[in-house]
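Asks: coordinates for the following, if possible.
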Amino acid sequence: MATKSTPNLTLSGAQTALAAAEAHSKHIGVPMNVAIVDSSCHLLAFHRMEGAKPTSINIAIDKAFTAAGHRAPTSIYKENVWPGGPAFGIWNSNGGRFMTIAGGVPILDTEGRVLGAIGCSTGTPAQDEEVAKAGKEAVEKVFREEKKQGRSRL
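Replies: The predicted structure is shown next:
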């Protein structure tokens, strides 16, 4: 086979993730920058909540970029990126866009394929990850419901 079709998150899916992330961000009282990318790491949607730090805009986008491209949450790096760790210096890859701070999580379909990712930034790494997971879980819930009904819009 000379070509392969790669599943991607749609704008509708990105909007579902944004809405859920914003709602959770408001719930915890920390305004966020929220970025959604597709499985090819291209930006689908971005939302800067009132009060979110302007310096966190690119961080949110790069967290989503890293989670989609590496097919893993950005929180997995932790001690691995410290001097002497097996991934020390990885943040210099991809033009300096590789993020090793929690807050980027992949969005998966019901078969475990990465469709895109969400990245959040402005709070602590734990808060960023919590808000990103809320967005991811909202989209994945829709996928499960649509699979049960035999249809797919995201």
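Asks: could you check how many residues crowd around Leu43?
Replies: Each residue near Leu43 was counted by other CB atoms under 10 Å, and the total is 15. Bear in mind the C-beta positions are built from the backbone N, C-alpha and C, glycine included.
Asks: that one reaches Ala14, doesn't it?
Replies: No. Between Leu43 and Ala14 there is no contact under CB atoms under 8 Å: 9.3 Å.
Asks: joint contacts of the two?
Replies: Listed contacts common to Leu43 and Ala14 are Ile36; contacts here mean CB atoms under 8 Å, 6 or more residues apart in numbering.
Asks: and the residue nearest the centre of the chain, what is it in contact with?
Replies: Centrality entry for the chain: nearest residue to the mean C-alpha point is Ile118, 1.8 Å, by CA atoms, centre = their mean. Listed by CB under 8 Å, 6+ apart, the contact partners of Ile118 are 17, 21, 34-36, 64, 67, 104-105, 107, 132, 135-136.
Asks: quick one: the strands in this structure?
Replies: Applying DSSP state E to the chain gives strands spanning 33-38, 43-48, 104-108, 114-121.
Asks: dump the ones you listed to CSV, plus mean pLDDT.
Replies: Formatted as CSV, the strands of the chain follow (pLDDT from 0 to 100):
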stretch, mean pLDDT
strand 33-38, 98
strand 43-48, 97
strand 104-108, 97
strand 114-121, 97
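Asks: among these, which is nearest Asn92?
Replies: Asn92 lies closest to strand 104-108 among the strands of the chain, at 17.2 Å (CB to CB).
Asks: contacts for the closest one?
Replies: For strand 104-108, the external contacting residues (CB under 8 Å, 6+ apart) are 9, 13, 17, 36, 62-68, 71-75, 114-120, 129, 132-133, 135-136, 139-140.
Asks: report all helices and strands that the helix or strand of the chain with the lowest mean pLDDT contacts.
Replies: Least confident helix or strand, the chain: helix 93-96 with a mean of 78, by mean pLDDT, DSSP states H and E. For helix 93-96, the elements it packs on are helix 57-70, judged by 3 or more CB pairs under 8 Å, 6 or more residues apart in numbering; DSSP states H and E.
Asks: name the helices or strands packed onto the helix it packs on?
Replies: By 3+ CB pairs under 8 Å, 6+ apart, helix 57-70 packs against strand 33-38, strand 43-48, helix 93-96, strand 104-108, strand 114-121.
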